[in-house]
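Participant: Starting from these lines, generate the structure:
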Amino acid sequence: MNIGQMFMVGFRGTVVNADHWIARAVTRQRLGGVILFDRNVDGSVQNISSPAQLRELTATLQEYGNGRLLIAVDQEGGQVCRLKARDGFSETVSAKIMAGFDDEAIAARADVMAATLAAHGITLNMAPVVDLASNPHNPIIGRYQRSFSDDPEQVVRCAGLVIKAHHHHGIGCCLKHFPGHGSAGADSHLGFVDVTADWQEKELVPFARLIAMGMADAVMTAHIVNRRLDPQGMVATLSRPIITGLLRQRLGFDGVVISDDLQMGAITEQWGLSEAVRRAVLAGVDLLVIGNNLAHQKDALSTGIKCIEKMLDRGEIDADYIRASVKRISILQGKTAG
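Facilitator: Residues are numbered from 1 along each chain as shown. Below you'll find the predicted structure:
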């Protein structure tokens, strides 16, 4: 049983060789995926500096991963994109701007984006955002024009076109941020965010519709508290009522559940990495993201694997539970393998 498959980690470096810790993580610990960033939080280059460099990096990573490694980026468009025009990639527009186009223009823009990702070895786009733009003053969604609209139907229309374009080029997509981050008044990168008073049931509509349409390869959880969905007030990423009860059972989602970055403030202010991994797995998360962008922790993968091994040893979870997660991730890897 491959527990390493349940992790997606970030790393520093634009070139990888056999001595790099990420190469050893892929070959020895059978890491499920990597997530690439163009810049570190201090502005220095992390993984992406040019088209040629990125192609070489992803090709090398796939050599270590036997062609099945998930290689992910956040390429939403506009201000949230890792393949930037300044580094030689195609220009993109935000979701809000894209929503103003007709279907043909959205499809064309999305096709260029997906083709660019495919040409540079990316297999999973952490997009589209299907949060509703219900709070225009939202500091992390509204501020950066990451939402298509405050209208669920418009979000479904635009997101569907974006996903179709990615699937045409063999790239998986990840809907985010479940169960809806658009009404938030704070940024979960920085700390605790409670949407209980502002969240609306209609924020589930884009997730429910796209899942029913068979267009959800993966769904990313939000680090938000919503007591209307979990009366205990647990952060959604770590909430069994929200992940297993609502997403899996009520909405019928059987794809990969991906955590938002476990190094974000909403998690790290309250839990250490091992406890965050433990709670996320118990909640029903399959793929645990440790971005190593907000912080840099080379031993995070080993720490996470040991945590799950201890859970198995203590009988907190059984092997079949882990095998089910690994199988879902393997299916996604198979869909996106070059």
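Participant: In space, what's closest to A208 - neighbours in sequence excluded?
Facilitator: L251 (5.2 Å; CB to CB, 6 or more residues apart in numbering). In this view, the C-beta of every residue, glycine as well, is placed from N, C-alpha and C.
Participant: Same question for R279.
Facilitator: L238 (3.9 Å).
Participant: Run a quick check on that neighbour versus A283, I expect a contact.
Facilitator: Yes: in terms of CB atoms under 8 Å, L238 counts as a neighbour of A283; the distance is 5.2 Å.
Participant: out of these two, which sits in the more crowded spot?
Facilitator: Per other CB atoms under 10 Å, whichever of L238 and A283 has more neighbours is L238, with 28 against 24.
Participant: so where's the stretch 151-300 of the chain uncertain?
Facilitator: Low-confidence segments of the stretch 151-300 of the chain (pLDDT under 70): 186-188, 190-192.
Participant: Which parts of it are helices?
Facilitator: 152-168, 205-212, 240, 265-268, 273-283, 300-314 (DSSP state H, counting those that start in this stretch).
Participant: For the shortest one, what is the distance to the chain centroid?
Facilitator: Pointing back at helix 240 there. From the chain centre to the centre of helix 240 is a distance of 19 Å (CA atoms, centre = their mean, to the nearest Å).
Participant: List the contacts of it.
Facilitator: Under the criterion CB atoms under 8 Å, 6 or more residues apart in numbering, residues L282, A283, G284 lie in contact with helix 240.
Participant: State the distance from the last one to S239.
Facilitator: Just to be clear, that refers to G284. 9 Å (CB to CB, to the nearest Å).
Participant: Neighbour count for these two, which is higher?
Facilitator: S239 (27 against 24).
Participant: which residues touch the more buried one?
Facilitator: L229, D230, Q232, A283.
Participant: Find the nearest non-adjacent residue to T237, please.
Facilitator: T237 sits nearest to T221 (CB to CB, 6+ apart), 4.1 Å away.
Participant: pretty sure that neighbour contacts D260?
Facilitator: Yes: the pair T221 and D260 qualifies as a contact (CB under 8 Å) at a distance of 5.8 Å.
Participant: Common neighbours of the two, please.
Facilitator: Shared contacts of T221 and D260, counting by CB under 8 Å, 6+ apart, come down to H177, T237.
Participant: and the angle for the longest strand seen in the chain with helix 205-212?
Facilitator: If you go by DSSP state E, the chain has its longest strand at strand 172-178. Counting by axes from the mean of the first three to the mean of the last three CA atoms, to 10 degrees, strand 172-178 points 150 degrees away from the direction of helix 205-212.
Participant: so how far is strand 172-178 off the chain centroid?
Facilitator: Worked out by CA atoms, centre = their mean, strand 172-178 lies 6 Å from the chain centre.
Participant: can you check stretch 212-224 too?
Facilitator: Counting by CA atoms, centre = their mean, stretch 212-224 comes out at 9 Å from the chain centroid.
Participant: Pull out the buried residues from it.
Facilitator: M215, A216, D217, A218, V219, M220, T221, A222, H223, I224 (16 or more other CB atoms under 10 Å).
Participant: what's stretch 143-155 in contact with?
Facilitator: 76, 78-80, 94-99, 128-134, 137, 140-141, 158-159, 182, 202-203, 205-206, 209.
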